[in-house]
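Q: What follows is a predicted structure for the sequence shown.
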Amino acid sequence: MQPDEEDHGGSHKRYHMSDMSTFWAGNLRRHWGFEARLTRLDGEYDLNFLVQATNGQDYVLKVMRAKCDAGFVDLQIKALQHILSAAPGLPFPKVIPALDGTLLPQIADPDGAVRLVWLQERLPGRCYADAAPKSEELILKLGRVLGATDRALEGFSHDALDRGAFKWDLVQAGWIADRLDVVADPQRRAILQQIVAEFERIREPLETLPKQAIHNDANDYNIIVEGELSERRSVSGLIDLGDMCAAPRVCELAIAGAYIVLDHPKPERALSALVRGYHAANRLRPEEVDLIWPLLRARLAVSVVNSTLMAINNPDDPYVTISQAPAWRFLENGAINGALMPARLRAACGLPVVDGAERIHAYLSSHRGQFAQMFGQDLSDVPMGSLSVENSVWPQNPFHMPLEEAARVGEEFGEGLWLGYYSEPRLIYAEPGFRKGPWKASDRRTIHLAVDVFAPAGTRLHAPLSGRVEAVENRDDHLDYGGVVILHHETPEGDAFYTLYGHLDPEVSTRLKPGDPVAQGAAFAQLGDASQNGGWAPHVHFQLAMTTDGMQADWPGVADPDELDLWHAVCPNPAALLNLPDDKVFYQPTDKQAILQGRRDHFGGNLSLTYDDPVMLLRGWKHHLFDEWGRPYLDAYNNVPHVGHAHPRIQAVAADQLKRMNSNTRYLHPAQTAFADKLLSKLPEPFEVCFFVNSGTEANELALRLARAHTGAKGIVTPDHGYHGNTNAAVAISAYKFNKPGGVGKVDWVELIELADDYRGSFRRDDADRATKFADFVDPAIAALQNSGHGLAGFIAETFPSVGGQIIPPKGYLPAVYEKIRAAGGVCIADEVQTGLGRLGDYYFGFEHQGALPDIVVLGKPIGNGHPLGVVVTTKAIAESFDNGIEFFSTFGGSTLSCRIGKEVLDIVDEEGLQDNASAMGKRLMDGLQQIEADFGCVGDVRGMGLFLGVELINPDGSESGEICSYVKNRMRDHRILIGSEGPKDNVLKIRPPLTIEAEDVDMILWTLREVLREVGDYAPAPTCDDDHHPAGCGCC
């Protein structure tokens, strides 16, 4: 077989495209009776036009090449009619008859050559190639469409389905065997030779399968996808039946799969989703599923050989070579486990992963209670111990398991026998080898696939049933198995299955060898101690497997939580072999949906959740969080854990103080003055007095009382879009709350001024006087308060407004405002909850950047690192004005526990260099974000300082885009990065990680944000087409 060398359109190429469009528009008017604008579309052999009719309908006009076989076109038309008749809901275009009722009129072209011409509906959407992300949900839907299509085509027949020697008939893929010499690279040629050999092995079972009509070319330009940026994607069309043929239906899946996997970040899961969807619509048999993987590779081999032959015939066409690149990237990807693929795809369909799996399960279940006791005793009453994410804190650092911790795992359960759960998500598998990507927050294997039995070192193991040694090794790598034995077993029907015993005394490898028989009940090994078993507390890891395909002797003892269907099928619960009920050892994690429903039942509806798919987080460490399955998330959002989640020093201080006492400020304690001294050492001289409270809200409420006590006035000036807390007074000065729909509105003792936003506000960055001009908004606000009789108590602002959109006011703004406020008799309150304590990198407090000196400073959330703590710091004069004979007391504000934690946070910032880290990582982030701003039109502005950063997202007209922001925030969460959104139109990405963030994490944020913004670009408004110009991305697939 040779690559196609047919006429690519004929003599029409001599005519200007506008002339061609005009000519065929005239024929459209004559034969179909309506006016339309025609735009040329791509086509390999034929003329194709987008038809935009004056009635508002869109169509596709197909002008077939000269001398085109009418039977070939009739096949496509009849197939479309058959599909839509058999399954009207499938997304295929209707063929539009001409005025005379014919579906395929013959029309002479400008040269007089007769062309077959037909008109069909244009389906809405864009090509799958241009759609992003290519989610497993979308691929599943595509599988369903393909399955339903093949089911609809089961009874369809047509003489033209017999294509003879047809290179794209996958059953005939063996034609490439004689042409591999055209591939010059010997390594690539070897890959193709292996694929050809695989194809020869499956040729006979493939040819025994029934044939039917199939689409045969579900490539990413023939699949149409609908759904804009904020919508769920769906398959809205399957077009171009030009490669239809009769073949086994599994070829349909393999061909579609060959395109779906290309450059997909998770190709095995993408293929599994496609097959699962197909099977849901058109049930597959196991023997068909087993052919998908070799046929997929065969299709890619045909593609690269064919394109290489075309390159020889068309040496000046660079596209021919470029088009091979994705296929070669896939074929050369050594990380894909092809030997496991049949089991993976069977599991995706809910089919037995091996032919005898159901018989094996029946055998194990029926013999439960009859197997030899592995430890010589009944385990029914042995207690379970949980090492789950939810119930355990092993290890302290979920990214590193020191040997001293590994040797103590589970010590809380005592020294006797205890059992560890099957299917339990654990964080003890901390080393990089369990990670499935480049980042700490990449996919990670966490789900235990065995039952553990913890017992003293030296305890002997007895074989539950007879078998023979499949493998025996001493794996002495860090936290590996130490001694490990795999036994091969067979049921009475001859079905093979396997058991693995890990963490043994490695002397077993000197006594046993592969092939040795092991009798039921025989003592064949003993538990190793930590120096022998990989470093762990003594126990056996007992695992069952239905097959060793794709694993051989190197079984994964832990699975990715997103691949549980596969691994539960390959390595099912081994409880029966321990003579235990399955439920005893099967771990049931907390159900996120039940927690969500309980929240809805028991909490107010205005208690919000972040992200469209809320996250349930159970553990934290530094700047990472972990959900109930142990999936890691990079926390680039939460500024509360200022020095990192679960900091060991905070843990130690809190535990130590709670062992002693926890009291309040009515009693003397050195922790109170120590905390005050440490905090005041960070502030300029006029600040001498601290008030300790429970939160930033309470601190802002107290700051208002201080200002009013000092001035005798009530009125407050504050910038628009600010947020200062959730009490009545705090909400009253928080326009972010009171001005929202359903808000209470502004009280008369508050005056709002414009936010000093020099990107979107009244004065922009090209105005050198913008700081003074923004500050001048204070003057009418002061006058209004004085005229109302409330007078001016003061001015309060987030030093750098966060909920307003991560705003950095122009330098000089706050000094100018403060001068006006003080001149009118008010005091100046700096809300430093978001910006204080070194977050800004080069400044410990935000007011330092401004060169301003407030009268009152408010601190909150971060100063307690998650412990409820707030502080108001002020001058002696203001404190004396507040000392009016009425006691100030907060039961928990300034407790001994709070003061010790607060001081420890400040000490950690200093001693661990976290302010310097905020500066260095902030610069790294800002540099990367500014480059992203230059590269993506939807990024309007990047601003911030240190680890207080904002990315403003905009529409093409420059307006705020909350839709893009919501999309990006949720897609970043899909990629395991938590960021927030703020701004009056909720269009600013908010990045405020704990100060512990590292360079690797910054790079993950930047890389991922680029990937997500590329998706946004794919959904930008389509460029304009005209008769002479049809740009890429116009949406006219």
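A: Received, thanks.

Q: Assess the claim that G950 and K990 are in contact.
A: Yes: between G950 and K990 there is a contact under Cβ atoms under 8 Å: 6.1 Å. C-beta coordinates here come from the backbone N, C-alpha and C atoms, glycine included.

Q: Can you pull the residues that touch both of those two?
A: Common neighbours of G950 and K990 are listed as 806, 982 (criterion: Cβ atoms under 8 Å, 6 or more residues apart in numbering).

Q: higher neighbour count, these two?
A: G950 (27 against 24; other Cβ atoms under 10 Å).

Q: Need the nearest residue in space to the more buried one, chain neighbours excluded.
A: Q806 (2.5 Å; Cβ to Cβ, 6 or more residues apart in numbering).

Q: do the same with K682
A: Once flanking residues are discounted, K682 sits nearest to Y844: 5.6 Å by Cβ to Cβ, 6+ apart.

Q: now do R973
A: Nearest residue to R973, sequence neighbours excluded (Cβ to Cβ, 6+ apart): Y611, at 4.9 Å.

Q: mind listing what the one you found touches?
A: Neighbouring residues of Y611 by Cβ under 8 Å, 6+ apart: 969-970, 973.

Q: Let's have those residues in a markdown table, adding pLDDT and secondary structure.
A: Shown next, in a markdown table, are the contacts of Y611 (pLDDT from 0 to 100; DSSP: H, G, I helix; E, B strand; the rest coil):
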| residue | pLDDT | secondary structure |
| --- | --- | --- |
| K969 | 97 | helix |
| N970 | 96 | helix |
| R973 | 97 | helix |
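
Q: Looking at those, which one is closest to D549?
A: R973 (35.4 Å; Cβ to Cβ).

Q: Tell me, how many residues neighbour that closest one?
A: For R973, the tally of surrounding residues (other Cβ under 10 Å) stands at 19.

Q: wait, it sits on L617?
A: No: at 11.6 Å, R973 does not count as touching L617 under the criterion of Cβ under 8 Å.

Q: Common neighbours of these two, please.
A: Common neighbours of R973 and L617, using Cβ under 8 Å, 6+ apart, are Y633.

Q: and stretch 988-997, how far apart are its ends?
A: End-to-end distance of stretch 988-997 (Cα to Cα, to the nearest Å): 21 Å.

Q: All the strands of the stretch 701-850 of the chain, in order from the start?
A: With DSSP state E, counting those that start in this stretch, the ranges of strands along the stretch 701-850 of the chain come out as 715-719, 750-753, 792-798, 827-831.

Q: Can you check which helix is longest in this structure?
A: Scanning the chain for the longest helix, with DSSP state H as the assignment, gives helix 286-313.

Q: What about L161, how many residues nearby?
A: For L161, the count of nearby residues is 19 (other Cβ under 10 Å).

Q: who's in contact with it?
A: Neighbours of L161 in contact, by Cβ under 8 Å, 6+ apart: 75, 213, 244-246.

Q: top of the residues you listed by neighbour count?
A: Most surrounded of those: other Cβ under 10 Å gives A213, at 27 neighbours.

Q: partners of the helix or strand containing that residue, with directions?
A: Per DSSP states H and E: A213 is located in strand 212-214. Paired with strand 212-214 in the same sheet, following DSSP bridges, are strand 245-247 (antiparallel).

Q: List the contacts of the nearest residue to E904 once chain neighbours are set aside.
A: Spatial nearest neighbour of E904, excluding adjacent residues (Cβ to Cβ, 6+ apart): V653 at 4.7 Å. Counting by Cβ under 8 Å, 6+ apart, V653 makes contact with 900-901, 904.

Q: Restricting to C-alpha, output the helix or strand that contains V653 in PDB.
A: Per DSSP H and E, V653 falls inside helix 648-660. Taking Å, rounded to 0.1, in the frame of the first residue of the first chain, the C-alpha atoms of helix 648-660 are listed here in PDB:
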ATOM      1  CA  PRO A 648       6.500  21.800  65.200                       C
ATOM      2  CA  ARG A 649       7.500  24.800  67.400                       C
ATOM      3  CA  ILE A 650       3.900  26.000  67.600                       C
ATOM      4  CA  GLN A 651       2.700  22.500  68.400                       C
ATOM      5  CA  ALA A 652       5.300  22.200  71.100                       C
ATOM      6  CA  VAL A 653       4.600  25.500  72.700                       C
ATOM      7  CA  ALA A 654       0.800  24.900  72.700                       C
ATOM      8  CA  ALA A 655       1.200  21.400  74.100                       C
ATOM      9  CA  ASP A 656       3.600  22.600  76.800                       C
ATOM     10  CA  GLN A 657       1.400  25.400  77.900                       C
ATOM     11  CA  LEU A 658      -1.700  23.300  78.000                       C
ATOM     12  CA  LYS A 659       0.100  20.800  80.200                       C
ATOM     13  CA  ARG A 660       0.600  23.700  82.600                       C
END
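
Q: buried stuff in that helix?
A: Judged by neighbour count (16 or more other Cβ atoms under 10 Å), helix 648-660 contains these buried residues: 649-650, 653-654, 657.

Q: Next: stretch 949-956.
A: Buried residues in stretch 949-956, counting neighbours by 16+ other Cβ under 10 Å, are found at 949-955.

Q: Need the contact partners of that stretch.
A: Applying Cβ under 8 Å, 6+ apart, the contact partners of stretch 949-956 are 759-760, 805-807, 922, 925-926, 929, 932-933, 937-944, 960-961, 964-965, 968, 982-983, 987-992, 1009, 1020-1021.

Q: Roughly how far does S21 sit from T1008?
A: When distance is defined by Cβ to Cβ, to the nearest Å, S21 is 43 Å away from T1008.

Q: D240 too?
A: For D240, the distance to T1008 equals 34 Å [Cβ to Cβ].

Q: which ones are touching L752?
A: Applying Cβ under 8 Å, 6+ apart to L752 gives the contacts 718-720, 735, 746, 781.

Q: rerun at 7 Å
A: With contact taken as Cβ atoms under 7 Å, 6 or more residues apart in numbering, L752 is in contact with 718, 720, 735, 746.

Q: ok, then the element right after the worst-scoring helix or strand of the chain on mean pLDDT?
A: Using mean pLDDT, DSSP states H and E, the weakest-scoring helix or strand in the chain turns out to be helix 318-322, at a mean of 69. Next helix or strand after helix 318-322 toward the C-terminus (DSSP H and E): helix 325-331.

Q: which outside residues touch that next one?
A: With Cβ under 7 Å, 6+ apart as the test, helix 325-331 has contacts from 188, 191, 261-263, 267, 300, 303-304.

Q: who does the following helix or strand past that helix touch, helix- and strand-wise?
A: Counting by DSSP H and E, the next helix or strand C-terminal to helix 325-331 is helix 341-349. Counting contacts by 3 or more Cβ pairs under 7 Å, 6 or more residues apart in numbering; DSSP states H and E, helix 341-349 packs against helix 267-281, helix 286-313, helix 564-570.

Q: For the stretch 301-450 of the chain, give me the ranges with low pLDDT.
A: 319-321 (pLDDT under 70).

Q: show me the contacts for the nearest residue to G893 once chain neighbours are set aside.
A: Nearest-residue entry for G893: V693, 3.9 Å, with adjacent residues in sequence omitted and distances by Cβ to Cβ, 6+ apart. V693 makes contacts with 699, 702, 870, 872, 890, 893, as judged by Cβ under 7 Å, 6+ apart.

Q: okay, those in CSV with neighbour count next?
A: Conversion of the contacts of V693 to CSV gives the following (neighbours: other Cβ atoms under 10 Å):
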residue, neighbour count
A699, 31
L702, 24
G870, 29
V872, 28
S890, 17
G893, 24
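
Q: between those, which is nearest E252?
A: G870 (63.5 Å).

Q: List the contacts of the closest one.
A: 693-696, 698-699, 859-860.

Q: one step back: go through the strands of the stretch 701-850 of the chain and name the closest to D480.
A: Of all those, strand 792-798 sits nearest to D480, with 51.8 Å by Cβ to Cβ.
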